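> task: produce atomic coordinates for the following.
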Amino acid sequence: MRKLKPKYVYLLLFIVLPFITVVSYVFYSWNYHLFNPNVYSRSELMEILREKLNDEEVNFSWKNNKDPKLLYSYHKYSDGLMSIGYKPTTEGYYYFRMDFDGNRADWKKARKDLLENISRTENRPISSFKRSKKIGRTPHFNVYKLKKYETFEMLMKDKSVRYLDPVDQN
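From the prediction side, this is the model:
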């Protein structure tokens, strides 16, 4: 067996393999829907969103959309940041109030329970996906790069979730 010359080894290691890696990544990221049946293609996603946003009678809401596949697809193709509004299940319809107190026990419990449910569904610690550190003027927190379709199904059914909004920073 012939030994490879050092210049061919370098060519293989530093040019050919990185090129194959980049091409594979680009193919996978642009064709994610081919590998996951729970994801719409980019063109399908844009068409569905265009239809929903052009319907003048509907006030579009990701949570009330009833299609976790739509939110999951958008999350996968975007930068992966999502804002989740929450409330205690005893609260009923919540609207913005100046007197919001996120330190009340029922609001803290709602936040903690929701984060634990996401953690359990994702099978990851809370610190790996949660992005907001403090309770602000409105009851919400940001999460980053949720991976499982089941998490989106759970969030859309959860009574303590007020809204789910992708935050695309591009």
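> helices of the protein, start to end?
Remark: helices assigned in the chain by DSSP state H are 6-11, 17-30, 32-35, 42-54, 68-77, 105-122, 149-157.
> centroid-nearest residue for the protein?
The residue lying closest to the centre of the chain (CA atoms, centre = their mean) is H75, at 4.1 Å.
> and the helices of the chain: which comes nearest D165?
Closest to D165 of the helices of the chain is helix 68-77 (CB to CB; 9.5 Å). (Glycine included, C-beta is placed from N, CA and C.)
> and the closest one, what's buried?
Residues of helix 68-77 classed as buried by neighbour count (16 or more other CB atoms under 10 Å): 68-77.
> contact partners of stretch 60-75?
With contact meaning CB atoms under 8 Å, 6 or more residues apart in numbering, stretch 60-75 is reached by 33, 38-40, 44-45, 48-49, 52-53, 82, 146, 149, 152-153, 155-156, 161-166.
> would you mind measuring from E116 to R104?
Relative to R104, E116 is positioned 18 Å away (CB to CB, to the nearest Å).
> got phi/psi on R104?
phi -70, psi 150 (degrees, to the nearest 10).
> for it, report the pLDDT, please.
As predicted, R104 sits at a pLDDT of 80.
> tally of neighbours for it?
Residues near R104, counting by other CB atoms under 10 Å, number 11.
> got it, and K147?
The tally of other residues near K147 (other CB under 10 Å) stands at 16.
> my guess is it meets E122, correct?
Yes - contact status for K147 versus E122: in contact at 6.2 Å, counting by CB atoms under 8 Å.
> distance of the residue nearest to the centre of the chain relative to P166?
Counting by CB to CB, the gap from H75 to P166 is 6 Å.
> what does A110 give?
Between A110 and P166 the computed distance is 22 Å (CB to CB).
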